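Participant: Need the 3D shape of this:
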Amino acid sequence: MLDESNNWGRWGAEDERGALNLLAPEVVLAAAGCVREGRALSLSLPIRGATSSPAPTTVPHLRGRPLPQHFMSVDGGDYAAGTRAIGAGLKMADDAIVVTPHGTTTHMDALCHMWSGDELYNGHPADRVRSYGAGRCGIDKAGPVVARGVLFDVPRVRGVERLDATDRIGPEDLEACGVEVRAGDVAVVRTGWPLAWQEGPEAYWAGQPGLSADGGRWLAERDVCMVAGDNAAIGGLNERQLADEGLADDLHMIFLWRHGIYLAEMLWLEELAQVAAEAGRTDFLFMAAPLRIEGGTASPINPIAVL
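Facilitator: Just a heads-up that it's a prediction; the model follows:
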């Protein structure tokens, strides 16, 4: 499995941060130079309501996954910790949020999310991944991501609103976007697939477009630190919401396991795509910070693009 290129040992035998090691101070300073207009955009899907209402079902998600839950009350009626008196005539509402990130909301995968055999990225033992968390390569090892982001707006290049469920993005599509890729960049790949939700859940669940294995290798060869996409798995999915690639060509294995390249999934890229097209730009400052969930396989994030 490791016969092809990989980053194991590149930053030392104990490394658990992978390609985020590329974000040296000078790389971050150079990324800050992408801010020329001072316009900040959120790239996340909303977390909307609890299952006591239909609100969560109105946000794109994979079928059968536990939806994010947000409980809040101003009268204590919805959640036991909802309201506390803090003084004469004053009340304060509290929140409770329950999230299983994978497939349900905008999130960042940790390097311990997937592996092969008995080894995580960089040869760390997989037997340290347990119900109480991963002893190696958890999301808490990542830290904040501040990098140059580059947008691959594939639907715009193809002249369509969004890609079809069976479309796969290869090296030729990425090259056609005309993006200059530098070491340490965050490659942001737009498929337009969240727009399928407007046609109904069944349309969204009919499969998903995404990177092909060769498209993934093309990005890995260019030393990106993260690949972010608006689909649910970076690679494509079939109608059963599974990847068709074998283990050698699985995008999570190529990025997370072999190269230590992080993945951010289920972004909302429509506003960024419009603004970037109007400005004639493909680069911007990308910022995202996972929660410090010790041993976590992922974390919800709110990625920010600053142009």
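
Participant: what's the burial count for Glu199?
Facilitator: 10 (other C-beta atoms under 10 Å). Where you see a C-beta, it was placed from the backbone N, CA and C, and this is true even at glycine.

Participant: Could you check the pLDDT of it?
Facilitator: Note on Glu199: pLDDT of 96.

Participant: Against Val59, how distant is it?
Facilitator: Distance, Glu199 to Val59, by C-beta to C-beta, to the nearest Å: 15 Å.

Participant: Check Ser44 too.
Facilitator: Using C-beta to C-beta, we find Ser44 at a distance of 11 Å from Val59.

Participant: In the protein, where is pLDDT below threshold?
Facilitator: For the chain, applying pLDDT under 70 flags the ranges 1-3, 51, 73-89, 91-92.

Participant: Now with 80, please.
Facilitator: 1-4, 49-53, 72-94, 128 (pLDDT under 80).

Participant: Would you point out which residue is most central in this protein?
Facilitator: Ala264 (1.3 Å; C-alpha atoms, centre = their mean).

Participant: Distance of Val179 relative to Trp193?
Facilitator: Remark: distance between Val179 and Trp193 (C-beta to C-beta) = 20 Å.

Participant: That should have said Gly135, apologies.
Facilitator: The gap separating Gly135 from Trp193 is 35 Å, by C-beta to C-beta.

Participant: out of those two, which sits in the more crowded spot?
Facilitator: Ranked by neighbour count (other C-beta under 10 Å), Gly135 and Trp193 place Trp193 first, with 28 against 18.

Participant: Now do the contacts for that one.
Facilitator: The contact partners of Trp193, by C-beta atoms under 8 Å, 6 or more residues apart in numbering, come to 60, 162-163, 165, 204, 208-209, 230-231.

Participant: From Gly207, how far out is it?
Facilitator: Per C-beta to C-beta, Trp193 is found 9 Å from Gly207.

Participant: residues bridging contact with those two, i.e. touching both?
Facilitator: Common contacts of Trp193 and Gly207, defined by C-beta under 8 Å, 6+ apart, comprise Ala165.

Participant: care to break the chain down by domain?
Facilitator: 18-46+101-306, 66-98 (automatic domain parsing).

Participant: Just name the most buried of those domains.
Facilitator: Across the domains of the chain, the average number of neighbours (mean count of other C-beta atoms under 10 Å) peaks for domain 18-46+101-306, which reaches a mean of 20.

Participant: Strands of the stretch 201-307 of the chain, start to end?
Facilitator: Per DSSP state E, counting those that start in this stretch, the stretch 201-307 of the chain carries strands over the ranges 210-211, 226-229, 262-265, 283-288, 298-300, 304-306.

Participant: out of these, which comes closest to Ala55?
Facilitator: Between Ala55 and those, the shortest separation by C-beta to C-beta is 16.9 Å, and it involves strand 298-300.

Participant: neighbouring contacts of the closest one?
Facilitator: Residues from elsewhere that reach strand 298-300 (C-beta under 8 Å, 6+ apart): 47, 68, 99, 101-102, 105-110, 113, 139, 290-291, 293.

Participant: The residue nearest to the residue nearest to the centre of the chain when sequence neighbours are not counted: what's it in contact with?
Facilitator: Closest residue to Ala264 apart from its sequence neighbours, by C-beta to C-beta, 6 or more residues apart in numbering: Ala228 at 3.8 Å. Ala228 sits next to 43, 149, 186-189, 263-265, 267, 286, 303 when contact means C-beta under 8 Å, 6+ apart.

Participant: follow-up on the earlier one: which one of the strands of the stretch 201-307 of the chain lies closest to Asp244?
Facilitator: Nearest to Asp244, of those and by C-beta to C-beta, is strand 210-211 at 10.6 Å.

Participant: Quick check: the gap between Met114 and Val129.
Facilitator: 10 Å.

Participant: before we move on, what about Asp214?
Facilitator: Separation of Asp214 from Val129 (C-beta to C-beta): 29 Å.

Participant: again with Val35
Facilitator: Counting by C-beta to C-beta, the gap from Val35 to Val129 is 38 Å.

Participant: and what of Thr191?
Facilitator: Thr191 sits 30 Å away from Val129, going by C-beta to C-beta.

Participant: swap in Gly216?
Facilitator: Using C-beta to C-beta, we find Gly216 at a distance of 23 Å from Val129.

Participant: quick one, helices of this protein?
Facilitator: 25-32, 154-158, 171-176, 201-204, 213-221, 251-252, 270-279 (DSSP state H).

Participant: what helices or strands is the longest one leaning on?
Facilitator: Taking 3 or more C-beta pairs under 8 Å, 6 or more residues apart in numbering; DSSP states H and E as contact, the helices and strands that helix 270-279 lies on are strand 40-42, strand 145-153, strand 186-190.

Participant: and with 10 Å instead?
Facilitator: Applying 3 or more C-beta pairs under 10 Å, 6 or more residues apart in numbering; DSSP states H and E, one finds that helix 270-279 contacts strand 40-42, strand 145-153, helix 154-158, strand 186-190, strand 283-288, strand 304-306.
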